[in-house]
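In: got a sequence here, can you model it:
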Amino acid sequence: MKKIYLGSDHAGFKLKEKLKKWLTKQKIPFEDLGNKIYDSKDDYPDFAKKVAKAVVKNKTKGILLCGSAQGMSIAANKMKGVRAAIPFSVKEAKLSREHNDANIICLSGWYSRFTLATKMLKIFLNTSFSKAPRHKRRLNKVKKLR
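Out: Just a heads-up that it's a prediction; the model follows:
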């Protein structure tokens with residue numbers, strides 16, 4: 001498995017640290033692109049940008065965490081080549097990969113429970129894009145949006 005990239009602001013920091021331990025136990029290679037320390041004044045766009053750039057450059061996946069997950073998703077999706085999704089169930093995590101070829105999963109530091117987060121991550125990291133013609137067609141239309 002390719003290295004995945006993680007990033008969080010202060011609101012996602014605690015969950016990110018737990019997920020790093022889980023990723024290590026699962027022997028999933030990762031790199032934490034910040035924040036590396038808890039800083040209540042940090043800003044989510046800084047970490048969304050770092051992770052999004054690394055994901056696109058290395059053609060891999062990423063995990064972003066902030067309070068609601070919404071800010072990280074909005075910021076990451078500004079970057080060309082990023083398809084950041086915010087699943088709230090295992091089924092949504094699977095569909096985000098199969099149907100949308102999502103390459104970044106955004107999780108809420110306020111509302112995501114560790115057990116569900118790890119179940120969604122396992123599915124997200126191990127599910128492939130279906131490549132069904134209808135999904136390819138739709139993604140090509142998304143690419144053309146400005």
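
In: quick one: the strands in the protein?
Out: 4-8, 30-32, 62-66, 84-85, 104-108 (DSSP state E).

In: now the second one: buried residues?
Out: So that's strand 30-32. 30, 32 (16 or more other C-beta atoms under 10 Å). To be clear about C-beta, it is placed using only N, CA and C from the backbone, and glycine gets the same treatment.

In: quick one: mean pLDDT over that strand.
Out: Here strand 30-32 scores 98 as its mean pLDDT.

In: before we move on, what about the last one?
Out: For strand 104-108, the per-residue pLDDT values average out at 98.

In: cool, the shortest one as well?
Out: The average pLDDT for strand 84-85 rounds to 98.

In: now it, how far from the centre of its chain.
Out: 6 Å (C-alpha atoms, centre = their mean, to the nearest Å).

In: show me where the chain has helices.
Out: Ranges of helices in the chain, per DSSP state H, are 10-25, 44-58, 70-76, 90-98, 114-126, 133-144.

In: may I have the shortest one as PDB, with CA atoms only?
Out: Extracted C-alpha coordinates of helix 70-76, given in PDB (Å, rounded to 0.1, in the frame of the first residue of the first chain):
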ATOM      1  CA  GLN A  70     -16.600  20.500   6.400                       C
ATOM      2  CA  GLY A  71     -13.800  23.000   6.300                       C
ATOM      3  CA  MET A  72     -11.200  20.500   5.400                       C
ATOM      4  CA  SER A  73     -13.400  19.100   2.600                       C
ATOM      5  CA  ILE A  74     -14.100  22.600   1.200                       C
ATOM      6  CA  ALA A  75     -10.400  23.600   1.300                       C
ATOM      7  CA  ALA A  76      -9.100  20.300  -0.100                       C
END
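
In: elements contacting it?
Out: Secondary-structure packing of helix 70-76 (3 or more C-beta pairs under 8 Å, 6 or more residues apart in numbering; DSSP states H and E): helix 44-58, strand 62-66, strand 84-85, strand 104-108.

In: ok, and what's touching that helix?
Out: Residues from elsewhere that reach helix 70-76 (C-beta atoms under 8 Å, 6 or more residues apart in numbering): 7, 9, 12, 44-45, 47-49, 51-52, 62, 64-66, 82, 84-86, 104, 106.

In: equivalent analysis for the fifth one, please.
Out: By C-beta under 8 Å, 6+ apart, the list of residues contacting helix 114-126 from outside reads 1, 4, 15, 18-19, 22, 26, 28, 61, 63, 87, 89-90, 92-94, 96-97, 102, 105, 107.
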